[in-house]
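J.: next one to model:
(2 chains)
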Amino acid sequence: MVDERRDDDGSRLAREFRGGREEAFPELVGLYRERLFRLAFRLTGSSEDALDVVQDAFVKVYKDIDAWNERSAFYSWLYRVASNLAIDRLRRRRKDRELAGEVARGGLSERDNVAELVEQRANEHALSRLAAAVETLPEGQRAVVTLRHYEGLSLKEIAEIRGCALGTVKSTLHRAFRSIQRALGLGEKVVGDL
Amino acid sequence: MTDSTSKCEEVVERLEAYHYRDLEADELGPIEAHLEACARCRAALEAVRETAAGLDGLAVPAPSELDWARLEARLEARVAPLRAEKLAARAYRQPARWRTLGRVAAMLVIGGLSALSATLFFQTRDLKQEVATLLHEQNSSRIERGEPLVTGAQLTDEQREIMAKLGSDTRPMRLYGLARLQIGEPQRRILAEFLANFPKHILADEVFSALRKQGDATPRPVGIAVRAPLRVVMPPLPNQPAGPHFAREIERLKALATKDTDARFNDYARFRAARVAEEDLGDPARAVEEWKGVVALTAPGAIRDAAEERLQALGGHR
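T.: Now for the predicted structure:
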C-alpha cells in the first residue's frame, strides 16, 4: 500500500520533471534512493557498487526521462534501468574476480566446484552460507531472485524488465532456488532426485 | 521416466512461482491437486519455503548519512551540466518563461564571446572545430566585408530558431559563428554579476578566469548560437588605465594565435590584436607593428589583404 502510494507519487514527480519542473528531480531521488540502493546491493553484493549504481541510474533518469513510457509505472522503468546497470556492474566485477580467482586457485572455475566456491566465499567475506550461495548465483538468476523476492515484482514484470519470456523467468527462478538449496544441502534428496 | 516422475518435474519447476503466488489461475488447480497427493513434491515445496525464509534473513546494510551526502554531491556534479544544457535550450524555446536566462545568455553571446577570443575555444575540441570550420570553410572572405559570417541558409532548423530568438537582442551585431558554451548555475550567477558591471562587452576568458577563481574550471559545451560583433573588447575595469589594459588584450590575442592548430583561427586572432592596437589602444606605431606581423604570418587571403590595406592607410610599409 505504501509502495503503491509511493509509486503514484513517483510517476507524478517523473511527469512533472519531464514537464520541466526541475525541483521534481531531487524529490524523485529522495523518494527512491533507498529502495534503489537495496535493489542494487542485492544484485551487486557491494555497498560501494550499489551507491554507484544508484548514482548512474539517476543520471540516466535525468538524461533519458523521455524514454519512460507513461503507460507503465515510473518505478518499473527505473528498476529496469537500475537493475540493468547493477547486472552489468556485477558481470564486470565477476569477470575481474574470476580472472583473479582462477589465477589464485590454479585454474579452478566456478563450474568445477560450486560447493567449494561457496565455502570459499563464505570464509572470505564472513557471510553466511546462504549469503555466499546467493552471491555465487549467475547474474541472471540473482537478478530474478532479487526482483521477485526482495522487490516483490511479479514474474511477468520481471520478464518485461529483463526483456525475456515469462517461461524463462520461471525456470531461471527455479534454477536459482535449486542452486541455493544445493549449496545449503537443503532438500537435496527431494529435489536432487527428481 | 514414469508419468508420475514427469508430473513431479513439471510441478517442482513451478513451485517457486506457486510460492510467490505467481501462477495463472488455471495452473493452480492441477498443482494443488498434485501436491495433495505427492509427499515428495510437498517436501520440495517446503524446501522452497525454507529457502525463501532464509532469503528474508539476509540483511542489507544502510548507507550512512555521509554516503548519501557523497552520492548527492556526485550526482549533482554529473547532473549540473545536463541541467545547464536543458535550461539553455529551453531559454530559447520558451522566451517568456526563461526570459532572464535568455537575456543573460544573449548578453554573454553578444559581448562575451568575440567568438574566437574564447578560452572556451581551447577548452572544447568540438567548439574549436566548429568555429574553425565555420571560419575556414564559410566565412574567411566575409570577415573584412563585415558581412554576417554565417547565414541563415547555412544553419540547421534548430540553429535558425535559436538565432531568431537571439535576433531581437542582437540586431546590431553580426552573426559571428556557432559555438558551444555551457552555462551552469555558478556560471549564470557570475555572468549576472559581470553583466551588471559590464553590460556591453565581456570576454569569455575574463568570465571563465573568474569562474576558475571560484573553483569551476570546467565549462562544458551546450548548443548555443554565438552572435558577436567583429570587434569586442573588454573595457578597462573602473579606475584602470586603458593603455595597459588594451596592451594586455593585444598580447592575449597574440598568445591565442600561437596555440591553435587551425591557421585561420591564428590569423584572425592576430588580426584582432592589430585592430585593438589601432582602434582601442590608439597607438599608430604599435598598430603598424601589429599589422606587419599579420602580413608576415598570414597566408594570402582576405585577412592579409585587409592587413596590407591598414598598413598602407597608416603609412606603414611591408
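
J.: any weak-confidence spans in chain A?
T.: The model of chain A has pLDDT under 70 over residues A:1-7, A:96-127, A:186-194.

J.: nearest spatial neighbour of the most centrally placed residue in it, skipping sequence neighbours?
T.: In chain A, the centroid-proximal residue (C-alpha atoms, centre = their mean) is A:Leu43; its distance is 3.4 Å. Using C-beta to C-beta, 6 or more residues apart in numbering or on different chains and skipping residues adjacent in sequence, the residue nearest A:Leu43 is A:Ala86, 3.8 Å away. C-beta: built from backbone N, CA, C; applies to glycine.

J.: one more: A:Asp49?
T.: Nearest one to A:Asp49, counting by C-beta to C-beta, 6+ apart, is A:Arg89 at 5.4 Å.

J.: what kind of secondary structure is the residue nearest to A:Leu43 in?
T.: Secondary structure, DSSP: H, G, I helix; E, B strand; the rest coil: A:Ala86 is helix.

J.: neighbours of it, how many?
T.: 30 (other C-beta atoms under 10 Å in any protein chain shown).

J.: how far away is it from A:Phe37?
T.: Distance, A:Ala86 to A:Phe37, using C-beta to C-beta, to the nearest Å: 10 Å.

J.: any residues in contact with both of the two?
T.: In terms of C-beta atoms under 8 Å, 6 or more residues apart in numbering or on different chains, A:Ala86 and A:Phe37 are both contacted by the residues A:Ala50.

J.: please name the nearest non-neighbouring residue to A:Ser154.
T.: According to C-beta to C-beta, 6+ apart, the nearest residue to A:Ser154 is B:Asp22 (5.7 Å).

J.: my guess is the one you found is in a strand, correct?
T.: No: judged by three-state DSSP, B:Asp22 forms no part of a strand; its state is coil.

J.: for it, what are its contacts?
T.: A:Arg148, A:Ser154, A:Leu155, A:Lys156.

J.: which ones are touching the third one?
T.: By C-beta under 8 Å, 6+ apart, the contact list for A:Leu155 reads A:Arg148, A:Leu166, A:Val169, A:Lys170, A:Leu173, B:Ala17, B:Tyr20, B:Asp22.

J.: which helix or strand contains the fourth one?
T.: Same thing as A:Lys170. helix A:166-184 (DSSP states H and E).

J.: B:Arg275 is in contact with B:Glu249, correct?
T.: No: look at B:Glu249 against B:Arg275 with C-beta atoms under 8 Å: they stay out of range, at 10.4 Å.

J.: buried stuff in the helix holding A:Lys170?
T.: A:166, A:168-184 (16 or more other C-beta atoms under 10 Å in any protein chain shown).

J.: cool, stretch B:266-285 as well?
T.: By neighbour count with 16+ other C-beta under 10 Å, stretch B:266-285 contains the buried residues B:266-278, B:280-281, B:283.

J.: what's the answer for stretch A:33-46, then?
T.: For stretch A:33-46, the neighbour count (16+ other C-beta under 10 Å) marks A:33, A:35-46 as buried.

J.: and stretch B:6-26, by the same measure?
T.: Using 16+ other C-beta under 10 Å as the test for burial, stretch B:6-26 gives B:7-8, B:11-20, B:22-23.

J.: and for B:Ala273, nearest residue in space, chain neighbours not counted?
T.: In space, and not counting its chain neighbours, B:Ala273 is closest to B:Leu253: 3.8 Å by C-beta to C-beta, 6+ apart.
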